[in-house]
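S.K.: test case, fold it:
(one chain, ligands or ions: 1)
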Amino acid sequence: MLAIIGGSGLTQLGNMEVTKRLVMRTPYGEPSGALTFGRIRGHEVIFLARHGYAHTIPPHDVNYRANIWALSSQNASHVVSVASVGGIRSDLAPGSLIIPDQIIDYTHGRKSSFFDTRDKPVTHTDFTEPYCEDLRQKCLRAAGISGKAVFDGGVYAATQGPRLESAAEINRLERDGADIVGMTGMPEAILAKEAGLCYATIAVVANYAAGRADSVHGVRLEDVNTVLKVAMEHVRAVIESLAEIHDD
Ligand code: HPA
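M.R.: Next up, the predicted model:
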């Protein structure tokens, strides 16, 4: 089954016919909220709002393990995450959608493995390709079907937040090869991989990254909500097509 993790600007899916809400406890604590079960165009999906349905959980405090464990326990096989990001590359203007294919992790102090205790065997998970190529391709196809432009591939830099970056930090991320910057891509991606889930991200550029283009003197947060409002309608359309072409 397809699961969707919604980020900032996507705390619910208006195009989803809700059938059930499930409050769960997991061995890792509580997920960000109740899992929402339902159908999109007749196809069963599960939805979870990463920051809680009232958007109260900051990126560093999201219980990523509980979220992934909960979705996996309810037979999710594929997870598409929606994440708002800053655009580092100059062609990634606010409102752009991009399906990244690589990650660099700059977060710290987050619980980033299911295999971090001595009662489990030491486990090293291959992370050469952080995203599931099959689901990435489906997201690209879904965008094509719904007529929404998306960028194929790019490097997602996961920062700790909740603050935004300095201009110098963005320059460093660019030197490292990053195209976009967000605060929630990790450890979500590795936990999904550890859990054996097929995981991809639809990243929504909310603003130019700090020090770039019209963020040269600062990121105008008052503009971000307006950008996300429009862009999330595009994301909803992509997810609708994705639900339709997804066959698990
Ligand atoms: N930096 C980090 N995370 C973000 C940004 C940003 O500029 N915009 C949206 N999420």
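S.K.: enumerate every residue touching the residue in the chain that the ligand sits nearest to.
M.R.: Evaluated by C-beta to the nearest ligand atom, the chain has Gly86 as its residue closest to the ligand, separated by 2.3 Å. (Each C-beta comes from the backbone N, C-alpha and C, glycine too.) With contacts taken as C-beta atoms under 8 Å, 6 or more residues apart in numbering, Gly86 has the following neighbours: 164-165, 170, 180-182, 205-210, 215, 219.
S.K.: where does this protein have low pLDDT?
M.R.: Low-confidence segments of the chain (pLDDT under 70): 248.
S.K.: let's see 50
M.R.: Residues of the chain meeting the criterion pLDDT under 50: none.
S.K.: point out the residues in it that sit beside the ligand.
M.R.: Within the chain, the residues that sit near the ligand (C-beta under 6 Å from any ligand atom) are 84-86, 159, 164-165, 181-183, 206-207, 209, 219.
S.K.: repeat that for 5 Å
M.R.: Residues of the chain lying near the ligand by C-beta under 5 Å from any ligand atom: Ser84, Gly86, Leu164, Val181, Gly182, Met183, Ala206, Ala209.
S.K.: out of those residues, which are inside helices?
M.R.: Of these, none are assigned to helices by DSSP state H.
S.K.: dump the residues you listed to TSV, plus distance to Ser146.
M.R.: Compiled in TSV, those are given as follows (distance: C-beta to C-beta, whole Å):
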residue	distance to Ser146
Ser84	19
Gly86	24
Leu164	30
Val181	26
Gly182	23
Met183	27
Ala206	20
Ala209	27
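S.K.: those strands in the protein, which residues are they?
M.R.: 2-6, 17-22, 35-40, 43-49, 78-87, 97-99, 102-105, 151-152, 155-158, 180-182, 198-208 (DSSP state E).
S.K.: paired strands for the second one, with orientation please.
M.R.: In this case it means strand 17-22. strand 35-40 (antiparallel) (DSSP bridges).
S.K.: CA atoms only for the partner strand - export them in CSV, please.
M.R.: C-alpha atoms of strand 35-40 as CSV (Å, rounded to 0.1, in the frame of the first residue of the first chain):
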residue,chain,number,x,y,z
LEU,A,35,-2.6,7.5,10.8
THR,A,36,-5.4,8.5,8.3
PHE,A,37,-6.6,5.6,6.1
GLY,A,38,-8.7,6.3,3.0
ARG,A,39,-8.9,6.2,-0.7
ILE,A,40,-7.7,8.5,-3.5
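S.K.: now it: buried residues?
M.R.: Leu35, Thr36, Phe37, Gly38, Ile40 (16 or more other C-beta atoms under 10 Å).
S.K.: same check, this time on stretch 41-57
M.R.: For stretch 41-57, by 16+ other C-beta under 10 Å, it's His43, Val45, Ile46, Phe47, Leu48, Ala49, Arg50, His51, His55.
S.K.: how near is the first one to Ser215?
M.R.: In other words, His43. 38 Å (C-beta to C-beta, to the nearest Å).
S.K.: and the fifth one, by the same measure?
M.R.: Here Leu48 is placed at a distance of 30 Å from Ser215 (C-beta to C-beta).
S.K.: and Ala158, what does it touch?
M.R.: Residues counted as contacts of Ala158 (C-beta under 8 Å, 6+ apart) are Ile103, Ile104, Asp105, Tyr106, Thr107, Gly182, Met183, Thr184, Gly185, Met186.
S.K.: tell me who's in contact with the last one.
M.R.: Going by C-beta under 8 Å, 6+ apart, Met186 touches Ile103, Asp105, Thr107, Arg110, Ser112, Ala158.
S.K.: and the residues you listed, which two are furthest apart?
M.R.: The span of the contacts of Met186, defined through C-beta to C-beta, is set by Ile103 and Arg110 at 13.6 Å.
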